[in-house]
Structure formats: structure tokens, C-alpha cells
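J.: how would this look folded up:
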Amino acid sequence: MKNKSSNKNTPDSTAKRNTGRTYSRGALKKPAGKREIKPQIASKDRKIVLFNKPFDVLCQFTDDDNRQTLAQFIPIKEVYAAGRLDRDSEGLLLLTNCGKLQNTLTSPNKKTNKTYWVQVEGEPTRESINALCKGVELKDGLTLPANVKIIDEPDIWPRNPPVRERKSIPTTWLSITINEGKNRQVRRMTAHIGHPTLRLIRYSIGNYTLDDINSGDYNVIKGALDA
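T.: Okay, the predicted model is just below:
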């Protein structure tokens, strides 16, 4: 009976790398469960929701503690928030079904301008305003230069509940435009110069504004979208 000769060219179940490590050829297979890439939404199907978020509303559609959420105001499906707005802040929140637009509005690299109307306690000096414009040092780093100016009190809706003001201390309204998104950044900026924020309203994100949108209401824009 002939002995079967071994063929050196026949691949083994294992092979040697130059490093001497052994690996299984099975590892070269394409991994299962690869993330599915969703098709791009057609231009005509793109939409953006401009929502004027009231005070004490969460920027999400569900909440285990039965707090107010977006679901109480926005019945539109498959739109997602582009960025966030703190529960104790008011104003413009954008929701969209377009991932490209969402990334444009929220990516730090895009430097999208966001303007806030801010009621602060006291009367900031010109030096304090200039400090905010140049950048102030917070615990998580120096803020980028901002556009800050004193404005007249805007013609806006009353807050519910009302802001707690101290009658003996005047308040001032500021317009603050930034293009970064540190956590609670505007509030920390005004606190840094000794003027705590009493009320904060986001007026605009990029080219989108609160104009003609009452508190708790929303507008929908359809079609080609730009940041």
C-alpha cells in the first residue's frame, strides 16, 4: 500500500505571519453583522422642524419620570434633534430626518454660529463684555472668541414659571453668539464675569431663527436644506 506523500503547497488550517504569530484563515472572513448604511434621503423628502422649546421641556421624546418631552409638542415621526438645549433653557431646537444636515449643525469642525438672548443679573461693564468677546477660562478650557453685546429686552413670551428676580438688583439682556458647544457654556460664561444667567433663549442656529414661532409651536421646512 502506497504511503500518501505530503504536499508542501497544500494550505494548512493555520499559517505563520512574519512575526511568528499563528492565525486562523477563518479570521479573514468579512465580519458578520456589518452596520447597514442607510440610503441617502431624496432632496424632496428632507425635512427640518424648527421648534420653539418652552422652559422645563426635555429634548427627547420619552422619559421614565413622566417629565415633559418633545412628544407632547411634535407629532412628526423619524426626525431627530440636531444638538440639544438644556431643560431650563428655551428657544430654537432643530430636528431633522437628514443626517448630513444634522452633522453640519452639530459637528464642532463646522463652527455653526448659535445666538442666544440672555438675561443676566446686574449690569456688566464694558470690560466684562470685552472679556467674553475675547474668551474666558472655564474649567474645561478657554472659550473661543464670541460676539457679545448689550441689547434691549426682546419682545418675547412670558416664561412659566416667571424668572425669580431680586427687586434690588437690575437685570441686563445680552446677545451672545458662539460657535462651539461646551456643556452649559453660556451660563458658565456669564457666571465667570459675575453676572449669573436668569433666563436663556436660543434665537438662532446657522441661518435658522425663532422668527414667527410662538413658544411651544413649530414650523416645518421641506426640500433641499442648507445650514
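J.: dump the residue contacts of the residue lying closest to Arg46 once chain neighbours are set aside.
T.: Spatial nearest neighbour of Arg46, chain neighbours left out: Cys98 (4.6 Å); criterion: Cβ to Cβ, 6 or more residues apart in numbering. C-beta here means a position set from N, CA and C on the backbone, and glycine is covered the same way. Listed by Cβ atoms under 8 Å, 6 or more residues apart in numbering, the contact partners of Cys98 are Ile41, Arg46, Lys47, Ile48, Leu225.
J.: report the separation between Cys98 and Val136.
T.: Separation of Cys98 from Val136 (Cβ to Cβ, to the nearest Å) stands at 35 Å.
J.: dead centre of the protein: give me the residue that sits there.
T.: The residue lying closest to the centre of the chain (Cα atoms, centre = their mean) is Gly83, at 1.8 Å.
J.: can you pull the contacts of that residue?
T.: Residues in contact with Gly83 (Cβ under 8 Å, 6+ apart) are Leu93, Leu94, Leu105, Thr106, Gly181, Ile205.
J.: next one: Tyr116
T.: Tyr116 touches Gly91, Ser175, Ile176, Thr177, Ile178, Val186, Leu200, Ile201, Arg202, Tyr203, counting by Cβ under 8 Å, 6+ apart.
J.: may I ask which helix or strand encompasses it?
T.: Tyr116 is part of strand 114-121 when elements are defined by DSSP states H and E.
J.: report the buried residues of stretch 77-93.
T.: Val79, Ala81, Ala82, Gly83, Leu85, Asp86, Ser89, Glu90, Gly91, Leu92, Leu93 (16 or more other Cβ atoms under 10 Å).
J.: out of the contacts of Tyr116, which end up buried?
T.: Gly91, Ile176, Ile178, Val186, Leu200, Ile201, Arg202, Tyr203.
J.: of the residues you listed, which belong to strands?
T.: Gly91, Ile176, Ile178, Leu200, Ile201, Arg202, Tyr203 (DSSP state E).
J.: identify the residue nearest Val49 in space, chain neighbours excluded?
T.: Spatially, and ignoring its direct neighbours in sequence, Val49 is nearest to Leu95 (4.2 Å; Cβ to Cβ, 6+ apart).
J.: which helix or which strand is home to the one you found?
T.: strand 90-96.
J.: looking at this protein, which helix or strand does the model trust least?
T.: Least confident helix or strand, the chain: strand 22-24 with a mean of 42, by mean pLDDT, DSSP states H and E.
J.: and the next element down the chain from that strand?
T.: With DSSP H and E, the next secondary element past strand 22-24 is strand 47-53.
J.: what's that next one packed up against?
T.: Applying 3 or more Cβ pairs under 8 Å, 6 or more residues apart in numbering; DSSP states H and E, one finds that strand 47-53 contacts strand 90-96, strand 218-222.
J.: in a markdown table: these, plus distance to Phe61 and mean pLDDT.
T.: Putting the helices and strands packed on strand 47-53 into a markdown table (distance: least, Cβ to Cβ, whole Å; pLDDT from 0 to 100) gives the following:
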| stretch | distance to Phe61 | mean pLDDT |
| --- | --- | --- |
| strand 90-96 | 10 | 96 |
| strand 218-222 | 14 | 94 |
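J.: any chance of those strands in CSV with distance to Tyr116 as columns?
T.: Shown next, in CSV, are these (distance: least, Cβ to Cβ, whole Å):
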stretch, distance to Tyr116
strand 90-96, 8
strand 218-222, 19
